[in-house]
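Asker: Build me a structure from this.
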Amino acid sequence: MIQQRYYTTQLQAGLGLIEETRQLLQVYQPGMTTVQLYEAALASGRFPLVTARRLRNIVAECFAPRYLRDPHAAELLKILVDRLTINELNQLLFIYTARANLVLADFVRDVYWARYSAGRNDLQLEDARAFVENSVREGKTQKPWSETTIKRVSSYLMGCCADYGLVTTTGRNQRSIAAYRIFPKVAAYLAYDLKFSGLGDNQIVASPDWELFGLTPIDVRDQLKRLSLQGLLILQAASDVVHIGWTYKSMEELIDVIA
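Answerer: Predicted coordinates for the structure are as follows:
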């Protein structure tokens, strides 16, 4: 039986926190616990303008749920932090943040891409608010949220989309939808990450992680074909059945190539 995941307010601890995450990845050493990472970050001198209390909050409430829950995520991202472009790394951070914050993942899938598909080029705070209100009504939060919480979470969703480059600011409460496309290296990373998480080939194609980039299963197959042309994998597809031959035997092998 799949345990239901509820929406939380965890984004209030920090939105994209991209620069802070980059710095923490530099400090991180494989096997570190949340407490060890906090202590190492505090001693590193990399956060001179951040109070000890705020730094503890960033590590425990933002970094750990996103990058320490998966035993290898921080380790792999540490290797990539200086070897990918800023925009490529940001897309990987976006994937992990969305996995850790279901409210963000659903907002991007159900609202952001729906508006894009409908030919709209703007996203307003009111859109986020309507999404959160409906979600609370539908029982997607463990208990009903107050008006204040709904307002704050709506703002966090818009802020996260801005941090990760899905939207650009065009007005006080209005954002313009950006031309957001998954980068080839990110697509390769995601495909292999899903494979090593234990998914079968057809499950990989159908993974909701691709929907964060507006991709349908047909689009995913096209992405995999392009990766196949680069020699990163071997794709065989007939009707709805997909078979993927994996060129590399570990994430580290893949990273050595794409980085």
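Asker: And the helix or strand containing residue 255, how far out from the chain middle?
Answerer: According to DSSP states H and E, residue 255 maps onto helix 251-258. Centroid separation between helix 251-258 and its chain, computed with CA atoms, centre = their mean, to the nearest Å, is 20 Å.
Asker: just for the stretch 151-259 of the chain, where's the confidence low?
Answerer: 171-173 (pLDDT under 70).
Asker: repeat that with 80
Answerer: Flagging of the stretch 151-259 of the chain using pLDDT under 80 yields the residue ranges 169-174, 238-240.
Asker: Show me where it has its helices.
Answerer: 184-196, 201-205, 217-229, 251-258 (DSSP state H, counting those that start in this stretch).
Asker: Mean neighbour count, these: which tops it?
Answerer: helix 184-196 (a mean of 21; mean count of other CB atoms under 10 Å). In this view, the C-beta of every residue, glycine as well, is placed from N, C-alpha and C.
Asker: Could I get the contacting residues of residue 216?
Answerer: Neighbour list for residue 216: residue 210 [criterion: CB atoms under 8 Å, 6 or more residues apart in numbering].
Asker: I'd like to know how far it sits from residue 165.
Answerer: Applying CB to CB, to the nearest Å, the value for residue 216 to residue 165 is 21 Å.
Asker: Repeat that for residue 80.
Answerer: 17 Å.
Asker: can you check residue 120 too?
Answerer: For residue 120 relative to residue 165 (CB to CB), the value is 18 Å.
Asker: between the two, which one's more packed in?
Answerer: Comparing residue 120 with residue 165 by other CB atoms under 10 Å, the one with more neighbours is residue 165, at 17 against 12.
Asker: Spit out the contact partners of the more buried one.
Answerer: 87, 90, 178, 180.
Asker: change it to 10 Å
Answerer: 16, 18, 86, 87, 90, 91, 94, 178, 179, 180 (CB atoms under 10 Å, 6 or more residues apart in numbering).
Asker: check which helix or strand covers the residue nearest the centre of the chain.
Answerer: With distances taken as CA atoms, centre = their mean, residue 95 lies nearest the centre of the chain, 1.9 Å away. Using DSSP H and E, the element containing residue 95 is helix 86-100.
Asker: what's the angle from that helix to helix 251-258?
Answerer: Computed by axes from the mean of the first three to the mean of the last three CA atoms, to 10 degrees, the angle separating helix 86-100 from helix 251-258 equals 150 degrees.
Asker: Quick check: residue 30 touching residue 75?
Answerer: Yes: Residue 30 is within contact range of residue 75, at 4.9 Å (criterion: CB atoms under 10 Å).
Asker: Compare neighbour counts for those two and give me the winner.
Answerer: Set side by side, residue 30 and residue 75 show more neighbours around residue 75, with 19 against 9, by other CB under 10 Å.
Asker: what's that one in contact with, if anything?
Answerer: 25, 28, 29, 30, 31, 32, 67, 68, 251, 252.
Asker: List only buried entries from the residues you listed.
Answerer: Among these, those buried by neighbour count (16 or more other CB atoms under 10 Å) are 25, 28, 32, 67, 68, 251.
Asker: Was I right to think the last one contacts residue 71?
Answerer: By that I understand residue 251. No: if you go by CB under 10 Å, residue 251 and residue 71 don't touch, sitting 11.6 Å apart.
Asker: part of a helix, is residue 123?
Answerer: No: using DSSP: H, G, I helix; E, B strand; the rest coil, the assignment for residue 123 is strand, not a helix.
Asker: ok, the closest residue in space to residue 206 that isn't next to it in sequence - contacts?
Answerer: Excluding the flanking residues, the one nearest residue 206 by CB to CB, 6 or more residues apart in numbering is residue 217, at 5.5 Å. Listed by CB under 10 Å, 6+ apart, the contact partners of residue 217 are 202, 204, 205, 206, 207, 210, 211, 240, 242.
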